[in-house]
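Q: got a predicted model here, sequence first, then my questions.
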Amino acid sequence: MDQNLSKDYKRISIQVSLSGYSFKVESPSGEILSASPGWLGPGEVFTTPELQRRYDEVDISLMTPKFTLVPTAFLMPGEEREALSAVVDLAPSDEVLVTDVPRFGASLVYSLSIGETLSRMIAQNLPAPDGRPGRILPEIWYLLRDLEKVTDYNKILASVADGHLYLVIAQGNALQLANVFPAPDFTTAEYYLFLAIKQLQINPELSSVHFRTPLGASDEMSLYRYFKSVNSL
């Protein structure tokens, strides 16, 4: 993993789940210079060389299924908890946050309260350039952001972790779906993936699917049977 860590490193992207984390490091041109070999355990945070450096950009995503995307014009200040509790179960102690997704005229209402502390530990260990802890955002936010990296008309982006499939689909500039589905195994994740693209009348044989989370070799080969290509973001 430790491949000539140097000034060329610009951004580190870290995904945190209940069971561990994964990461990749990119150069200013977007070239992937280093990446974790799949998911790593929490005990490796302080021994992984890439997590002991400083970067120009620090992206930390948390696999939280507690979110909803609301048109900004319909979300009144102070109504964030009500909006989120309408779609997910919230404990009284769950903190509710909101961030804008201006590309789609929407606000992402979410909670990072899923019973883990690893994301905050990493954020403290990897401060942003201004010295403050790195900002933690939901995985779905990064899937929405990364739509612009895909040039295809049918943009299918996904992540799988902790028994959930996170799925974002856009056609051209129109967002068609941003949701999370229960997926205790990869077969179930594939079921919901194919159900969504079928409902949108997308032909998988003419489309590519892009995953942000690490894929096992067997899972990747399973997807290749149906899609034109399977890519990592």
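A: Here it is on my side, so go on.
Q: ends of stretch 94-113, how far apart?
A: 5 Å (C-alpha to C-alpha, to the nearest Å).
Q: ugh, wrong one, stretch 78-96
A: End-to-end distance (C-alpha to C-alpha), stretch 78-96: 10 Å.
Q: buried residues, the worst-scoring helix or strand of the chain on mean pLDDT. List them.
A: Each helix and strand of the chain was given a mean pLDDT (mean pLDDT, DSSP states H and E); the minimum falls on strand 32-35 at a mean of 88. Buried residues in strand 32-35, counted by 16 or more other C-beta atoms under 10 Å: Leu33, Ser34, Ala35. C-betas here are computed from N, CA, C, even on glycine.
Q: now, among the residues you listed, which is nearest to Gln199?
A: Lowest distance from Gln199 to the buried residues of strand 32-35 (C-beta to C-beta) belongs to Ala35, with 33.0 Å.
Q: if we can go back for a sec, same list, the buried residues of strand 32-35, but as TSV with distance to Ala128 please.
A: Below are the buried residues of strand 32-35 laid out as TSV (distance: C-beta to C-beta, whole Å):
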residue	distance to Ala128
Leu33	20
Ser34	20
Ala35	21
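Q: next structured bit after the least confident helix or strand of the chain?
A: strand 57-62 (DSSP states H and E).
Q: which residues touch that following strand?
A: Residues from elsewhere that reach strand 57-62, judged by C-beta atoms under 8 Å, 6 or more residues apart in numbering: 10-16, 112, 114, 116, 119, 122-123, 126-129, 134-139, 141-142, 212.
Q: partner strands of that strand, parallel or antiparallel?
A: Here strand 57-62 is paired, per DSSP bridges, with strand 11-16 (parallel), strand 136-138 (parallel).
Q: ok now stretch 174-188, how far from the chain's centre?
A: Here stretch 174-188 shows a centroid-to-chain-centroid distance of 12 Å under the convention C-alpha atoms, centre = their mean, to the nearest Å.
Q: from the contacts of strand 57-62, list just the buried residues.
A: 10-16, 112, 114, 116, 119, 122-123, 126, 128, 134, 136-139, 141-142, 212.
Q: and which of the buried residues of strand 32-35 is nearest Lys198?
A: Ala35 (32.1 Å).
Q: who does that closest one bridge with?
A: Under the criterion used here (DSSP bridges), Ala35 is bridged to Lys24.
Q: quick check: it vs Ile14, distance?
A: In this view, Ala35 and Ile14 are 11 Å apart by C-beta to C-beta, to the nearest Å.
Q: now do the shared contacts for the two.
A: Overlap of the contact sets of Ala35 and Ile14 (by C-beta under 8 Å, 6+ apart) consists of Ser22, Phe23.
Q: what about the closest residue in space to Ala170 that isn't next to it in sequence, which helix or strand?
A: Of all residues not flanking Ala170 in the chain, Lys155 sits nearest, at 4.4 Å (C-beta to C-beta, 6 or more residues apart in numbering). Using DSSP H and E, Lys155 maps to strand 154-161.
Q: export that strand as PDB, just CAs?
A: Extracted in PDB, the C-alpha atoms of strand 154-161 (Å, rounded to 0.1, in the frame of the first residue of the first chain):
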ATOM      1  CA  ASN A 154     -27.200   6.100 -18.100                       C
ATOM      2  CA  LYS A 155     -25.200   6.700 -14.900                       C
ATOM      3  CA  ILE A 156     -25.400   3.800 -12.400                       C
ATOM      4  CA  LEU A 157     -23.400   4.300  -9.200                       C
ATOM      5  CA  ALA A 158     -23.500   2.000  -6.200                       C
ATOM      6  CA  SER A 159     -21.900   1.000  -2.900                       C
ATOM      7  CA  VAL A 160     -22.400  -2.100  -0.800                       C
ATOM      8  CA  ALA A 161     -21.700  -2.400   3.000                       C
END
